[in-house]
Every structure is written in C-alpha cells, then in structure tokens.
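Participant: give me a 3D structure for the following:
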Amino acid sequence: MLVVADMIAKTDTGRQRRDNEDSSYARAPVFVVADGMGGAQAGEVASKIAIEAFSRGLPDSGSAEQRLATRVREANSRIYELSRAEHERAGMGTTLTAAYLDDAHLSIAHVGDSRAYLFRDGALTRLTRDHSLVDELVRRGKLTEEQAAEHPQRSIITRALGPEPTVDVDTWTYAVRDGDVVLLCSDGLTSMIAEEQIAETLASAPTLGQAAQKLIDDANEAGGRDNITVVLFQVAEVGGETTAAEATIVGAPAPRPQDERTDRAPLTQDPLAPRQAPAAVVEPPVRVPLAHTQGWPQSQTPAPTRRERRIAKPIAALLAVVIVLFLVGGGGFLASRQLYFIGTNQQGIVTIYRGLPYNLPGGIRLYETFYVSGVPATLIPADRRATLLNNQLRSEGDAESIVRDLETGQLS
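Facilitator: Alright, predicted model coming up:
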C-alpha cells in the first residue's frame, strides 16, 4: 500500500503582482492548486472558494475521478452564483488542478492551465492538458511548443471555474509506485521556466521543501510575472525505508535487489494524446424514388378541350422560364461555393465561411461553416476587427492566410 511520505506547499506573489490570487490545499490524500482571476481581489475569492470545496473531503460514493469532479462542479456553482450576485465579483474565476492518492493510483481532476506532473526515475511527465488557446493550437498542429512559449496570447485560457453555470472537468487516473513525486503548480511556474529545468531541480534537491523553494526562486529570477504556487508530495510503500523525515528526491533510481519486482504498473494513459471522441452518427439522406407508373390504371378523365389546350400552352411556357432561371441561379449558387468570408460564430470565435453572406426568406442560408479558429474576436483590436470581420468576399487561400496569422499571433 502506498501512502504520502512527505509533502510541501509554497506560494509566492512574484515580482510583478501586488496581490496573490493563488490558493492551495495539501492534506493527504487530497492536494489542490487554484489560480484565481478577476479584478478587485475577485480572483483571490474564487480560488479560495475552490479550495474550500475540497477542505470538506470528498463525497463517499462514486469512483475517485467522479468524487473529485463532484467537488469541482460544486465549487464552480458557488463561484458562478457569487459572481452574479455581487457586482464587484462579476467575471471572477479560477483554474483548478486536484489530485487524490488512493493506494497505488493517483486520480486527477483538472480545469484551466494549472498543471500536474509526475517525477519518476529522473523523468518528468505532464499529467494534465492545458485548457488554453495556445495549447489548443499546438494540438491542432498550428503552433510548435517553441512558438507557443512566446505566443502573445499564451495567457488566454479557454476553460475555468466560474464564468459559466456548468463546467466540463477533465479527469484521469494513473498508476503510481514507491518513490514517485507529484507536482501541482500554477502557471506562474510553468510560464517562467521550462519543464527541463523543473526536472533538473527535482532531481538535484535533497528535500521536497528545498525543491519547492528552488522552483519559486527560479521562476522569480526569470521575471516572476505571475503568482507562483508549488505543491509537492512523495509517495512511499508502507513498511519501506522512506519516511517523512528522510524523504529525498534524487534523479537516478537506487539499485534494486535481484528479487525485487521491477514490473510495476506504468502510467495508464498518455495525457498528451487526444482522447477518442465518439464518432458522430450521420444518417444517410433519404432518397425518394420516382413514382413507378407502369401497371397503373389509366385515367378515366375525358381528354382536354381546345380551350383548355390554349390555356395550357402559356402555363407550360411560364414553367419552362422558371425552370431555366432556377438552373441559372443554381449555377450561380454553385459558383458562390468558391467564395469565402471571415466572421464570427455564435460563441464569438473567428470563423471562415464558404458562400455568400446572405440569408434568404424561410431561413435559407447562402453560406456554410468552413473552418472554426481558436481565436476569440475580442482579442482582435477594435480598429482591425472592423476590416477583418466585415464579410468581405475572399479566396480560400486569402481567408486561410489571415486566420492562420491570427492564430500564430502574427496579426493582432
């Protein structure tokens, strides 16, 4: 059975912030980091509400992931309700990363861009996936990790507790083993120093406390642009030699006796690999067959008179004209499929549309969605927004080039 042998939680305001809006909780077997956002200390309030939700412990029923997610959703509801009730709290929110050690398994619940890492045998593995604009662009292949690190919109998060009445919570469960060290941190650490430097510090520091302080010092030396919070804990097998007083975190694994098991369970899932979403079920179009008239009884109505035939001729001519106009119009509509324009969807995200920017009576649209970017229109300066989102018709290449520049931060 694995237990927490040692733990430490440290936070620092950083060098460029007056207030610390981070909060943390470290009481085995539950560990949490929350990074608040919002003016007038609203971010500090939001992160504390998130922590308070976990200070009561986890619910009794459900899997570890479900129990963690329940507390996250409870915190989201409280933050959202308070932000609606008090004007000075409007718009507040917080990220949250929570971990729960259950014997040989570590369960995580995650919203936002705070992170969880596992340090094992000198290697650092990220256990969470950022809910941020640049991370989404990296997953789409639009940005490299190096470009993301310098992207002007790297601080924009796409999911947090508080802004909406409900929130999607990512959860994972991993196998852990004796000697593993888990790191939870706010982005005030990861936005300032690289993961390689974090791994080096964890490998060289003799204790968790010294490691946590060194990480904060390194982040401040790199600029300290944000609040910095670090939570570290080490797991140990009950009955082993590691104790809270003697816990160390060295990079190279100690030699194992020949009879000791080395086939420990690996990580159960690669957190950086995209999850498989259920494939959308698309019903095939319904084909209505032409009426088959062979064998039908012949009509018993009398043949049309000469007067009826005279009336029928102009009607037939009119129908022919309508059919011709319809075919010509149809050709024009097909040609419009080669035209594109840039606008926003209902969520305010910059979107490329194909067709003409018009709606006909009856709800008929002459355009369709071609590509949804990862850039909210609010990030475009007002003077540029009017010229970019004015429904000007463009070629496919022109529209894609503009949106690509927006996504990579070259056009702002």
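
Participant: which residues of the stretch 1-150 of the chain fall in strands?
Facilitator: 2-12, 22-27, 30-37, 93-94, 96-102, 105-111, 115-120, 123-126 (DSSP state E, counting those that start in this stretch).

Participant: a markdown table for those strands, including mean neighbour count and mean pLDDT?
Facilitator: All C-beta spots, glycine's among them, are computed from the backbone N, C-alpha and C. Shown next, in a markdown table, are the strands of the stretch 1-150 of the chain (neighbours: other Cβ atoms under 10 Å; pLDDT from 0 to 100):
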| stretch | mean neighbour count | mean pLDDT |
| --- | --- | --- |
| strand 2-12 | 20 | 95 |
| strand 22-27 | 22 | 97 |
| strand 30-37 | 28 | 96 |
| strand 93-94 | 30 | 95 |
| strand 96-102 | 25 | 97 |
| strand 105-111 | 25 | 97 |
| strand 115-120 | 22 | 97 |
| strand 123-126 | 16 | 96 |
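
Participant: let me have those in TSV, adding distance to Glu396 as columns.
Facilitator: Formatted as TSV, the strands of the stretch 1-150 of the chain follow (distance: least, Cβ to Cβ, whole Å):
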stretch	distance to Glu396
strand 2-12	49
strand 22-27	45
strand 30-37	37
strand 93-94	37
strand 96-102	40
strand 105-111	36
strand 115-120	38
strand 123-126	36
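
Participant: select, out of these, the one closest to Gln197.
Facilitator: Among those, strand 123-126 comes nearest to Gln197, with 9.9 Å by Cβ to Cβ.

Participant: what's the domain layout of this protein?
Facilitator: Domains of the chain are assigned by automatic domain parsing as 2-237, 340-407.

Participant: so where is the stretch 151-300 of the chain shaky, pLDDT-wise?
Facilitator: 151-155, 239-300 (pLDDT under 70).

Participant: ok, which stretches of the chain are helices?
Facilitator: Assigned by DSSP state H, the chain shows helices spanning 42-55, 64-85, 133-139, 145-149, 187-190, 195-204, 208-221, 306-336, 382-388, 396-407.

Participant: check those helices for me: which has the lowest mean pLDDT.
Facilitator: Among the helices of the chain, helix 306-336 carries the lowest mean pLDDT, a mean of 50.

Participant: before we move on, the earlier item: which one of the domains of the chain is the most hemmed in?
Facilitator: domain 2-237 (a mean of 20; mean count of other Cβ atoms under 10 Å).

Participant: contact partners for Glu368?
Facilitator: Contact partners of Glu368, counting by Cβ atoms under 8 Å, 6 or more residues apart in numbering, are 353-355.

Participant: out of these, which are inside strands?
Facilitator: 353-355 (DSSP state E).

Participant: redo these as CSV? Include pLDDT and distance to Ala212.
Facilitator: Shown next, in CSV, are the ones in strands among the contacts of Glu368 (pLDDT from 0 to 100; distance: Cβ to Cβ, whole Å):
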residue, pLDDT, distance to Ala212
Tyr353, 88, 50
Arg354, 87, 52
Gly355, 85, 56
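
Participant: between the residues you listed, which is nearest Gly93?
Facilitator: Tyr353 (30.7 Å).

Participant: residues in contact with that closest one?
Facilitator: Applying Cβ under 8 Å, 6+ apart to Tyr353 gives the contacts 340-343, 367-370.

Participant: give me the nearest residue to it, chain neighbours excluded.
Facilitator: Nearest residue to Tyr353 in three dimensions, chain neighbours excluded: Tyr367, at 4.5 Å (Cβ to Cβ, 6 or more residues apart in numbering).

Participant: I'd say the one you found and Asn345 touch.
Facilitator: No - at 11.9 Å, Tyr367 does not count as touching Asn345 under the criterion of Cβ atoms under 8 Å.

Participant: any idea how far the spatially closest residue to Ala123 that is not a sequence neighbour lies from Met7?
Facilitator: For Ala123, ignoring the flanking residues on the chain, the nearest one in space by Cβ to Cβ, 6+ apart is Ala199 at 7.0 Å. Distance of Ala199 to Met7, computed by Cβ to Cβ, to the nearest Å: 19 Å.

Participant: kindly report the same for Asp121.
Facilitator: Asp121 is 20 Å from Met7, by Cβ to Cβ.

Participant: related to what we said a few turns ago, which one of the contacts of Glu368 is nearest Val181?
Facilitator: Compare each of the contacts of Glu368 with Val181 using Cβ to Cβ and the shortest gap goes to Tyr353, at 49.3 Å.

Participant: farthest-apart pair in the contacts of Tyr353, please.
Facilitator: The most widely separated members of those, counting by Cβ to Cβ, are Ile342 and Glu368 (14.0 Å).

Participant: beta partners for Leu232?
Facilitator: Taking DSSP bridges, one obtains Ile8, Leu183 as the residues bridged to Leu232.

Participant: can I assume it is in contact with Val182?
Facilitator: Yes - if you go by Cβ under 8 Å, Leu232 and Val182 touch, sitting 7.2 Å apart.

Participant: and the contacts of Glu368 as JSON lines, adding distance to Gly91?
Facilitator: Compiled in JSON lines, those are given as follows (distance: Cβ to Cβ, whole Å):
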{"residue": "Tyr353", "distance to Gly91": "30"}
{"residue": "Arg354", "distance to Gly91": "35"}
{"residue": "Gly355", "distance to Gly91": "36"}
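
Participant: from those residues, pick the one nearest Thr128.
Facilitator: Tyr353 (34.1 Å).

Participant: distance of the closest one from Ala34?
Facilitator: To Ala34, Tyr353 is 39 Å away according to Cβ to Cβ.

Participant: residue contacts, the nearest residue to Leu161 once chain neighbours are set aside?
Facilitator: On the basis of Cβ to Cβ, 6+ apart, the spatially nearest residue to Leu161 that is not a chain neighbour turns out to be Asn76, at 4.4 Å. Asn76 makes contacts with 111, 161-162, 164-167, as judged by Cβ under 8 Å, 6+ apart.

Participant: out of the residues you listed, the closest to Glu237 would be?
Facilitator: Distance to Glu237 across these (Cβ to Cβ) is lowest for Val111, with 31.5 Å.

Participant: mind listing the residues bridging to the closest one?
Facilitator: Taking DSSP bridges as the rule, Val111 bridges to Leu96.

Participant: no further questions, thank you.
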